[in-house]
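Enquirer: here is a sequence together with a model predicted from it:
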Amino acid sequence: MRVLPIRSLTAEAFRPFGEVIDADPARMRLINGGTTERFHGLATVDVAGEGARPILSIFRGQPRRFPYAIDMMERHPLGSQSFTPLSGRPWLVVVAPDAGGRPGRAMAFLAGPRQGVNYHRNVWHHPLMTLDGISDFLIVDRDGPGNNLEEFFYEEPFLIEEPVRDTDL
Ligand SMILES: NC(=O)N[C@@H](O)C(=O)O
Ligand code: NI
């Protein structure tokens with residue numbers, strides 16, 4: 001079974017799929033009389049369709065066991081979806097470009113404990129993959145009428161091995 005390499009999550013590498021949500025100094029402005037740093041406009045919430053609305057939820061994810069077989073991907077044709085870690089642990093992001101209506105070559109990223117992502121509308125991704133322990137994430141995505149979930153199941157799953165952790169993540 002093919003093993004998917006895992007790379008560190010950077011805004012540049014993730015750009016084709018969405019934004020990285022982190023305290024980027026380039027986006028910082030001081031507010032509240034200089035007592036608060038606002039990291040402004042890191043991502044945009046995209047909700048499509050009549051009656052659609054952006055909502056906030058918490059996902060409490062069970063840690064994945066490795067090696068882990070990726071046998072499916074999903075996407076949300078009607079809205080973006082963001083994940084921001086709340087439990088201070090690294091986590092895994094798996095995405096793929098679209099290739100004629102199915103996922104193309106998948107890419108895996110190790111996200112740090114203070115890195116979130118915003119998947120753009122209709123971007124192929126694997127459902128939440130937490131590491132090391134039960135972890136909470138703040139989710140911003142779409143609620144409303146219509147089917148906002150498309151799934152794809154691989155004939156040949158591929159493997160992800162236990163990610164090597166940078167101590168300074
Ligand atoms: N199904 C659901 O709400 N979660 C997935 O979309 C996911 O990306 O984890
Ligand atoms: Ni999703």
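Expert: Received, thanks. Numbering: from 1, shown residues only. Ligands and ions are numbered 1, 2, ... in the order given.
Enquirer: list the contacts of the most centrally placed residue in the chain.
Expert: Residue closest to the average C-alpha location in the chain (CA atoms, centre = their mean): residue 117, at 4.4 Å. Counting by CB atoms under 8 Å, 6 or more residues apart in numbering, residue 117 touches 9, 14, 17, 18, 19, 20, 21, 82, 83, 93, 111. C-beta: built from backbone N, CA, C; applies to glycine.
Enquirer: any idea how far it lies from ligand 1?
Expert: 10 Å (CB to the nearest ligand atom, to the nearest Å).
Enquirer: any idea what that residue is bridged to?
Expert: Counting by DSSP bridges, residue 117 is bridged to residue 20, residue 83.
Enquirer: what helices and strands are in contact with the strand of greatest length in the chain?
Expert: Using DSSP state E, we find that the single longest strand of the chain is strand 150-160. With contacts defined as 3 or more CB pairs under 8 Å, 6 or more residues apart in numbering; DSSP states H and E, strand 150-160 has these neighbours: strand 68-75.
Enquirer: report all helices and strands that the strand it packs on contacts.
Expert: strand 91-96, strand 124-125, strand 150-160.
Enquirer: nearest to residue 68, of the ones you listed?
Expert: With CB to CB as the criterion, residue 68 lies closest to strand 150-160 of the helices and strands packed on strand 68-75, at 4.8 Å.
Enquirer: tell me the angle that closest one makes with strand 68-75.
Expert: With axes from the mean of the first three to the mean of the last three CA atoms, to 10 degrees applied, the angle from strand 150-160 to strand 68-75 works out at 160 degrees.
Enquirer: run through who's touching strand 150-160.
Expert: Under the contact criterion CB under 8 Å, 6+ apart, strand 150-160 has outside partners 1-4, 6, 66-77, 92, 94, 102-103, 106, 108, 124, 129.
Enquirer: contacts only, for residue 78.
Expert: Per CB under 8 Å, 6+ apart, neighbours of residue 78: 47, 48, 49, 52, 121, 142, 144, 146, 147, 148.
Enquirer: could you do residue 95 as well?
Expert: 14, 17, 106, 107, 109, 119, 123, 124, 125, 126.
Enquirer: how about the nearest residue to it, chain neighbours excluded?
Expert: Using CB to CB, 6 or more residues apart in numbering and skipping residues adjacent in sequence, the residue nearest residue 95 is residue 17, 4.5 Å away.
Enquirer: up against ligand 1, what does the protein have?
Expert: Within reach of ligand 1 by CB under 6 Å from any ligand atom, the chain has these residues: 74, 81, 125, 127, 128.
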